[in-house]
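Need a 3D model of the following:
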Amino acid sequence: MTDAMTNPIDTTAPAVPDHEAGRQAARESFHGRGLTDGQFQEAWAIAGIIHGKIHQTGSFRDPLTDYAHAFARAQKFDALRGEAIIRDVYAGRQGQTMDQTRKQLDAAAEALPDIAKTRALDCAEAIGQLIQAPPTQPFYKAYDRAAVTLAKELNITQTGAKALMKEVFEAHHQKDLYAHGKEIEAAYHKPVRDAEIAERKAEQSQSRSRSQSRA
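Predicted coordinates for the structure are as follows:
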């Protein structure tokens, strides 16, 4: 039995990628050359965020527009140039354009391996275990973690991974994955969360009482 099957969801911290080669390529790009160190650092960070957005949803247009406007607002150039800068830095950082990244994810989704549905079911069924495991967590966090694991394995978007998990879980169990997860959340996570909230309120009340008594 493989590690993936015995522990279907990766709960380890993500590895930090080595972008040194990409950093040099981005710095020497047409727009990268003219940036100050501070401008480059900001564009580099934005490029990383947009890369994450593409892997989440398969789209970059809205994030690119929003971040280009925010980037340009404090600089002496307009949003169109801000967008061109970010595109150049992204291409250097990732070794491909934003659209190439998107198309790569789309192509993978169209050619899923035979094991894709089995792994999707593994990850979907493991969501309940994640919710229950101390210190417990809400459904949305466990669902997202499962989606990140499956998306990385299949090289598809996290949105696509969630849709695939939902599809195979419902086909196998005749039950909606969201409803299933929320039931487990209500049974295991909500009581823990409610107790934490009550404890926090009690501490705040005691703190106010002590402050008033000293006044």
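
contacts and neighbour counts: CA atoms only from here.
Fine.

All the helices of the protein, residue numbers only.
Assigned helices in the chain, in chain order: 3-6, 20-27, 37-57, 61-73, 79-94, 98-110, 116-132, 139-154, 158-173, 177-184, 190-214 (criterion: DSSP state H).

closest to Thr12 out of these?
Closest approach to Thr12 among the helices of the chain (C-alpha to C-alpha): helix 139-154, 10.4 Å.

Between helix 37-57 and the closest one, find me the angle.
90 degrees (axes from the mean of the first three to the mean of the last three C-alpha atoms, to 10 degrees).

For the residue nearest to the spatial centre of the chain, which residues are in contact?
Residue closest to the average C-alpha location in the chain (C-alpha atoms, centre = their mean): Gln56, at 5.8 Å. Applying C-alpha atoms under 8 Å, 6 or more residues apart in numbering, we find Gln56 in contact with 157-159.

most surrounded residue in these?
Thr157 (27 neighbours; other C-alpha atoms under 10 Å).

quick one: that one and Gly34, what's the gap?
34 Å (C-alpha to C-alpha, to the nearest Å).

Met105 contacts Glu153, correct?
If you look again at residue 105, you'll see it is Leu, not Met. No: in this structure, Leu105 is not within contact of Glu153 by C-alpha atoms under 8 Å, at 11.8 Å.

Let's have the helices of the chain in CSV, adding mean pLDDT and distance to Thr12.
Shown next, in CSV, are the helices of the chain (pLDDT from 0 to 100; distance: least, C-alpha to C-alpha, whole Å):
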stretch, mean pLDDT, distance to Thr12
helix 3-6, 42, 13
helix 20-27, 92, 24
helix 37-57, 97, 18
helix 61-73, 97, 28
helix 79-94, 97, 23
helix 98-110, 98, 23
helix 116-132, 98, 13
helix 139-154, 98, 10
helix 158-173, 98, 18
helix 177-184, 98, 22
helix 190-214, 87, 23
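
Skip the chain neighbours and tell me the closest residue to Tyr143.
Once flanking residues are discounted, Tyr143 sits nearest to Ile127: 6.1 Å by C-alpha to C-alpha, 6 or more residues apart in numbering.

Distance check, that neighbour against Arg145.
The separation that Ile127 has from Arg145, given C-alpha to C-alpha, amounts to 8 Å.

More neighbours: those two, which one.
Taking neighbours as other C-alpha under 10 Å, Ile127 and Arg145 compare with Ile127 leading, 26 against 19.

And that one, how far from Met165?
Distance, Ile127 to Met165, by C-alpha to C-alpha: 10 Å.

same deal with Ser29?
Ser29 is 40 Å from Met165, where distance means C-alpha to C-alpha.

who has more neighbours, the two?
Met165 (26 against 16).

Show the contacting residues for the more buried one.
117, 120-121, 123-124, 147, 177.

Could you do Tyr90 as well?
When contacts are counted by C-alpha under 8 Å, 6+ apart, Tyr90 touches 26, 44, 47-48, 51, 96-98.
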